[in-house]
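Undergrad: Give me coordinates for this.
(one chain, ligands or ions: 1)
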Amino acid sequence: MERNNANPQDLPMAVEANQEGLQSNEDLHLVLVLRLPSFNLPLNDILRPHFHLLDPADSPEPAYSFLSNHAQSVRALICVGYTPVTAETLNLLPSLELIVASSAGVDHIDIQECRRRGIIMTNASTAFAEDAADYAVALLINVWRRISAADRFLRAGLWPVKGDYPLASKLRGKRVGIVGLGSIGFKVSKRLEAFGCSIAYNSRMEKPSVPFPYYANVLDLAAHSDALVLCCSLTEQTRHIINKDVMTALGKKGVIINVGRGGLIDEKELVQFLLRGDIGGAGLDVFENEPDVPRELFELDNVVLSPHRAISTPESFEAVYQLIFTNLKAFFSNKPLQSVYQIE
Ligand SMILES: O=CC(=O)O
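TA: Predicted structure coming up:
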């Protein structure tokens, strides 16, 4: 078994007692955990019996000196949540070969620098796909049928006063354009197909195995859709992919659902389009400057707001822990990795 160069005695971390059945840290592969203090998942407890974890957040030492002192030989890194992994961080990790991201989106990681260094990256979109897809569809139905708005109407005691709540819009027969047909987008397409919607998509590349019409640009997709559902990664190419022109092409009745990243939409423009009634509605789980959400949206009944919760269930987190474990095991035994993020 390969040894790491760092001396475990020197590491300012809680070293697991060598309980029966557990190997000592010296026999385990070294894995760096990078997490903002706000990300306090049980991940370390799950992995510690199997890997020798280095977690700078457990140390009083400043992260920079921790990494330069202890992480030179690290080959694998777990990036927890949206903890930034910058070029500067990567400079401190000359032996790094693999980043295992616990998130679906990887816009907090300098992916171009990873590519330059030949670092492989896995993400967690497969583990989160079902929950994210359910949520995207729920937002879409909610916007079209005005479920949250009707709930507010009832709770405000308006039913006996104002009579029936206004009719909203039907799902079956609608044309839905999916932006990003990866693991999440594909599950959205299957769900909406079952609801009787017609599906088209835009993606980095056309997918020959997929029966839905492909649009190479989002503007054309918008012009042929009643709703756009955003499921793609935020990259330099996709930032503000939903701009003024796309919203105009989508039209006054068009709806935008976003379970990707806030930066996919020019949010200021979206607010203006919604306020003017130049777009039909929006279901937003993500925002450009979370947790700040434009106040103007709070007043709009054709907008459903959600605090970045689409992917999160206890079950999806369990699946992510399993995926991280599987990928680390595979990496250290030279087996194929799952959910590899293709860096363009
Ligand atoms: O938005 C959630 C994620 O990227 O994991």
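Undergrad: Please count neighbours and contacts with C-alpha atoms only from this point.
TA: OK.
Undergrad: Flag every residue of this protein that's near the ligand.
TA: 103-105, 311 (CA under 6 Å from any ligand atom).
Undergrad: Tell me the most packed of those, by neighbour count.
TA: Greatest neighbour count in these, by other CA atoms under 10 Å, goes to residue 104: 26 neighbours.
Undergrad: which residues does it contact?
TA: Going by CA atoms under 8 Å, 6 or more residues apart in numbering, residue 104 touches 123-126, 128.
Undergrad: Turn these into a markdown table, columns for secondary structure, distance to residue 180 and pLDDT.
TA: Below are these laid out as a markdown table (DSSP: H, G, I helix; E, B strand; the rest coil; distance: CA to CA, whole Å; pLDDT from 0 to 100):
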| residue | secondary structure | distance to residue 180 | pLDDT |
| --- | --- | --- | --- |
| 123 | coil | 15 | 98 |
| 124 | coil | 15 | 97 |
| 125 | helix | 12 | 96 |
| 126 | helix | 14 | 97 |
| 128 | helix | 15 | 98 |
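Undergrad: Kindly indicate which of these lies nearest residue 218.
TA: Nearest to residue 218 among these is residue 125, at 22.0 Å by CA to CA.
Undergrad: pLDDT score assigned to residue 40?
TA: pLDDT recorded at residue 40 is 71.
Undergrad: same question but for residue 204, I mixed them up
TA: In this prediction, residue 204 carries a pLDDT score of 93.
Undergrad: Nearest residue to it in space, please, no chain neighbours.
TA: residue 180 (7.3 Å; CA to CA, 6 or more residues apart in numbering).
Undergrad: same thing with residue 123?
TA: In space, residue 123 is closest to residue 101, 4.7 Å off (CA to CA, 6+ apart).
Undergrad: separation between that neighbour and residue 245?
TA: Counting by CA to CA, to the nearest Å, the gap between residue 101 and residue 245 amounts to 34 Å.
Undergrad: who's more crowded, the two?
TA: Between residue 101 and residue 245, counted using other CA under 10 Å, the more crowded position is residue 101 (28 against 13).
Undergrad: thinking that one is in contact with residue 84, fair?
TA: No. Counting by CA atoms under 8 Å, residue 101 stays clear of residue 84, with 10.8 Å between them.
Undergrad: mind putting the contacts of residue 104 in JSON lines, neighbour count included?
TA: As requested, these are exported to JSON lines (neighbours: other CA atoms under 10 Å):
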{"residue": "123", "neighbour count": "25"}
{"residue": "124", "neighbour count": "26"}
{"residue": "125", "neighbour count": "23"}
{"residue": "126", "neighbour count": "19"}
{"residue": "128", "neighbour count": "25"}
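Undergrad: from those, which single one is nearest residue 260?
TA: Nearest to residue 260 out of the contacts of residue 104 is residue 125 (CA to CA; 10.8 Å).
Undergrad: could you show me where the strands are in the stretch 151-300 of the chain, in order?
TA: With strands called from DSSP state E, counting those that start in this stretch, the stretch 151-300 of the chain shows them at 175-179, 198-202, 227-230, 255-258, 281-284.
Undergrad: Dump those strands into TSV; add mean neighbour count as well.
TA: Shown next, in TSV, are the strands of the stretch 151-300 of the chain (neighbours: other CA under 10 Å):
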stretch	mean neighbour count
strand 175-179	27
strand 198-202	23
strand 227-230	27
strand 255-258	26
strand 281-284	27
